[in-house]
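**Student:** pasted the sequence and its predicted model underneath.
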Amino acid sequence: MLTNNSRNNRFNKDALLLCILPTLAVLAAMLVVSIWVWVTARQDVHRDQNTLVTRHVSTLQDLITSHLASYEEVLRGTAALLETSHPVSRDDFHAIISTYDIQTRFPGVRAIGYAPLLTNDNVQQYVAAEKQNDQADFSITPAGTRASYIPIQYIEPQLQGNTAAIGFDMNADTERRSAFDMSAKNDKVVITGEIAPLPGSAPIKEDAFQMYFPVYESSCAEKLAIRVNCPLTGYVFAGFQTNDLFKQILASVPSIKDNFVIYDSADLELNKVLFSSNGYDGKTAASATKFTIYSRTWSLAVQVPQAIISAQARTRPGIILTAGIILSLSSSALIYILLFGRVRSLRQAKDSEVQMVKDDLLALAAHQLRTPATAVKQYIIMAIEGYGGELNKDQKKLIQKAYDNNERQLRTVNEMLYVANADAGKLRLIPRSVDLIQLVREAGEEQRSASNEKRHQLMLHLPSTPLYYDADELYLRMAISNLISNAIKYTPEAGKIDVALKITPRNIHIKVTDTGVGISKKQMPDLFKKFSRLDNPLSAHAMGNGLGLYLARRVVELHNGRIKVTSEHTIGSEFTIILPRPKAIAPEAGKKVTKEQE
């Protein structure tokens with residue numbers, strides 16, 4: 001057993017080195033590749049998301065620019081008409097703006113108007129003139145004296161929220177005044193930041209901004225290429241409700257219309273939000289870009305919506321990782337199985353080689369031992385028969401003990417030869433028709449003296465009629481005798497041993513039952529192993545070499561049978577040789593059973 005354990009430990013170490021370590025190396029390598037592919041796939045998804053967002057942001061920026069450019073053309077056209085058609089009445093202005101059909105074609109525009117530039121010298125004259133032109137209640141608001149005034153004179157469309165703003169001095173507002181000054185200085189369209197609603201439009205609480213363009217004295221503007229050198233007469237303007245404007249623009253970019261915010265600054269300042277969509281939460285990371293439009297810097301912050309990438313593309317990294325792990329595990333398992341099979345086959349080949357050498361050595365040793373033991377037996381028999389002279393009583397007793405010990409040695413040597421031949425496949429049966437009843441009886445009688453020495457009750461339960469069976473008489477008797485001998489050895493003194501033969505419809509059962517020490521479940525796997533002796537209270541005193549049960553099973557298997565064992569520890573055991581029943585056995589054979597006891 002020590003030898004087997006050391007060989008098993010060596011095999012386990014070999015399995016670890018040749019199977020487990022390469023398998024783990026392959027598994028680790030494949031997992032690394034799988035994770036790398038997964039990370040790459042995730043990066044691809046993020047890159048595709050960013051590419052799409054960048055594309056949509058660029059589209060959104062172009063749309064904002066193009067929309068405001070169309071409003072710029074409206075202001076430039078209106079300014080040109082004001083400069084070339086002087087003077088322009090309120091009805092004229094209404095006719096000019098009506099041609100643009102701004103409520104239909106430019107739904108983002110709240111109002112388009114004109115505001116003249118006045119000084120303290122002509123402001124009173126201007127107010128008086130406006131009161132004579134069907135504006136009896138006209139006044140400039142807010143009240144107060146200022147260096148210059150830019151009151152709203154005309155505004156379209158003439159809705160209630162717009163007409164109420166007539167007379168409002170836009171120069172009184174810092175944000176508007178700053179935009180006016182930049183527009184006049186550079187002769188270009190300028191937009192304001194967020195401004196307060198015009199007077200009269202208080203119910204409208206939405207964010208707003210305005211666009212301005214300067215109007216110059218008509219005769220000078222026609223003559224000079226550099227318009228800023230001409231006298232400034234006023235400004236045309238367009239007012240925007242931020243929500244209306246951007247909702248119209250966002251209709252062209254549905255994928256991100258609910259996930260962005262526009263800041264009226266280069267930095268994402270919370271107090272500078274110009275427009276925020278409903279879906280923007282301000283917490284999720286956003287992709288930001290800034291651009292300059294009409295002298296102001298706006299920033300676009302866009303949160304990447306999951307829906308911008310298809311569900312199939314979003315789940316692809318997870319599928320790749322799962323497939324990679326499954327492939328890694330299955331491939332590693334396959335490699336382990338192949339390596340383990342190779343190691344096991346190499347071990348079996350090595351074991352077979354070692355076993356062949358052992359069998360040859362065992363056969364040689366047994367043969368060399370049997371030759372002198374046989375010669376010793378012959379000389380002992382000659383001495384007992386008086387060839388060397390008459391022996392006295394004590395001499396005969398000593399000679400008999402020598403004979404008995406020599407017989408035990410011969411039996412051991414013969415068993416070793418049988419085992420060597422069996423392992424080498426050289427154990428050949430010579431079957432002939434034998435009486436199984438007589439065979440079992442003879443096997444029992446061979447063990448009768450050993451049974452009597454331990455005061456056992458050896459009972460033979462055998463049918464009274466012969467039972468002929470094709471078997472090798474020598475080997476089958478030896479197998480049955482070994483089972484009976486084993487029962488005698490491991491049954492305490494004055495025990496009971498029953499040997500019975502029973503015929504069933506399909507088999508022949510030869511049972512050896514004892515009241516011995518029994519076999520525990522833990523010991524069962526080692527029962528029929530070669531040179532194996534189970535540890536029990538009688539094993540230290542029982543003579544044996546651990547070959548009897550092994551040889552018995554091999555002999556029975558060569559007869560196409562098997563040995564069945566049932567045992568209860570400390571109660572006893574039952575060994576049953578089960579042989580296939582020949583069809584030639586008569587149905588009534590074995591029905592009448594007799595008991596034989598010495």
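**Tutor:** Yep, that arrived.
**Student:** for the protein, where's the lowest mean pLDDT among helices and strands?
**Tutor:** The helix or strand of the chain with the lowest confidence, counting by mean pLDDT, DSSP states H and E, is helix 2-15 at a mean of 55.
**Student:** after that one, next one along is what?
**Tutor:** Sequence order places helix 21-84 as the next helix or strand after helix 2-15, per DSSP states H and E.
**Student:** what about that following helix, distance to the chain center?
**Tutor:** Chain-centre distance of helix 21-84: 32 Å, with CA atoms, centre = their mean, to the nearest Å.
**Student:** pLDDT on that helix, on average?
**Tutor:** The average pLDDT within helix 21-84 is 86.
**Student:** now swap in stretch 180-192 and tell me
**Tutor:** Averaging pLDDT along stretch 180-192 yields 91.
**Student:** stretch 583-598 now?
**Tutor:** Stretch 583-598 comes out at a mean pLDDT of 60.
**Student:** mind listing residues that contact stretch 60-74?
**Tutor:** Around stretch 60-74, the neighbours that count as contacts under CB atoms under 8 Å, 6 or more residues apart in numbering are 100, 102, 106, 108-109, 112, 189, 191, 211, 213, 238, 240, 245-246, 248-250, 252-253, 256, 260, 289, 291, 293-294, 298, 300. Where you see a C-beta, it was placed from the backbone N, CA and C, and this is true even at glycine.
**Student:** list only buried entries from these.
**Tutor:** By neighbour count, with 16 or more other CB atoms under 10 Å, the contacts of stretch 60-74 hold 100, 102, 106, 108-109, 112, 189, 191, 211, 213, 238, 240, 245-246, 249-250, 253, 256, 260, 294, 298, 300 as buried.
**Student:** got a list of what the residue lying closest to residue 176 once chain neighbours are set aside touches?
**Tutor:** Take residue 176 and drop its neighbours on the chain: the residue closest to it by CB to CB, 6 or more residues apart in numbering is residue 170, 4.4 Å away. Residue 170 makes contact with 115, 150, 151, 152, 176, 177, 180, 237, according to CB under 8 Å, 6+ apart.
**Student:** make TSV from those residues and add distance to residue 231 to it.
**Tutor:** Listed next are the contacts of residue 170 as TSV, based on distance: CB to CB, whole Å:
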residue	distance to residue 231
115	16
150	15
151	18
152	20
176	21
177	19
180	15
237	19
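**Student:** these in strands, which ones?
**Tutor:** Counted as lying in strands by DSSP state E, out of those, are 115, 237.
**Student:** now the two most distant members of the contacts of residue 170.
**Tutor:** Pairwise distances among the contacts of residue 170 were taken by CB to CB; the largest, 14.2 Å, belongs to 152 and 177.
**Student:** which of the two has more neighbours?
**Tutor:** residue 152 (25 against 17; other CB atoms under 10 Å).
**Student:** quick one: contacts for the more buried one?
**Tutor:** Counting by CB under 8 Å, 6+ apart, residue 152 touches 113, 114, 115, 165, 166, 167, 168, 170, 198.
**Student:** confidence-wise, which of these comes last?
**Tutor:** Scanning these for pLDDT, the low point is residue 198. It has 62.
**Student:** which stretches of the stretch 351-500 of the chain have low pLDDT?
**Tutor:** 354-371, 373, 375, 407-408, 410-417, 420-424, 426 (pLDDT under 70).
**Student:** please, where are all the strands along it?
**Tutor:** 432-435, 457-463, 468-471, 496-503 (DSSP state E, counting those that start in this stretch).
**Student:** would CSV of these with mean neighbour count and distance to residue 88 be doable?
**Tutor:** CSV is the format used below for the strands of the stretch 351-500 of the chain (neighbours: other CB atoms under 10 Å; distance: least, CB to CB, whole Å):
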stretch, mean neighbour count, distance to residue 88
strand 432-435, 14, 140
strand 457-463, 20, 139
strand 468-471, 19, 135
strand 496-503, 19, 132
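**Student:** which one, of those strands, ends up nearest to residue 579?
**Tutor:** Among the strands of the stretch 351-500 of the chain, the nearest to residue 579 by CB to CB is strand 468-471 (7.3 Å).
**Student:** count of neighbours near residue 51?
**Tutor:** The burial count for residue 51: 10, using other CB under 10 Å.
**Student:** OK, contacts around the residue lying closest to residue 191 once chain neighbours are set aside?
**Tutor:** Nearest non-adjacent residue to residue 191, counting by CB to CB, 6+ apart: residue 294, 4.3 Å away. Counting by CB under 8 Å, 6+ apart, residue 294 touches 68, 72, 188, 189, 190, 191, 211.
**Student:** distance of residue 294 relative to residue 315?
**Tutor:** Per CB to CB, to the nearest Å, residue 294 is found 44 Å from residue 315.
**Student:** ok, residue 236 next?
**Tutor:** Between residue 236 and residue 315 the computed distance is 55 Å (CB to CB).
**Student:** also residue 175?
**Tutor:** Separation of residue 175 from residue 315 (CB to CB) stands at 49 Å.
**Student:** who has more neighbours out of these two?
**Tutor:** Using other CB under 10 Å as the criterion, residue 175 and residue 315 rank with residue 175 on top: 15 against 12.
**Student:** wait, which of the strands of the stretch 351-500 of the chain is closest to residue 348?
**Tutor:** When those are compared by CB to CB, strand 468-471 sits nearest residue 348, at 31.9 Å.
**Student:** dump the closest one to CSV, keeping only the CA atoms.
**Tutor:** What follows is strand 468-471, C-alpha atoms only, in CSV (Å, rounded to 0.1, in the frame of the first residue of the first chain):
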residue,chain,number,x,y,z
TYR,A,468,-22.1,-31.6,-14.4
TYR,A,469,-20.6,-28.4,-15.6
ASP,A,470,-17.8,-27.5,-18.1
ALA,A,471,-15.0,-26.1,-16.1
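**Student:** partners of it, with directions?
**Tutor:** When pairs are called by DSSP bridges, strand 468-471 turns out to pair with strand 432-435 (antiparallel).
**Student:** that'll do, ta.
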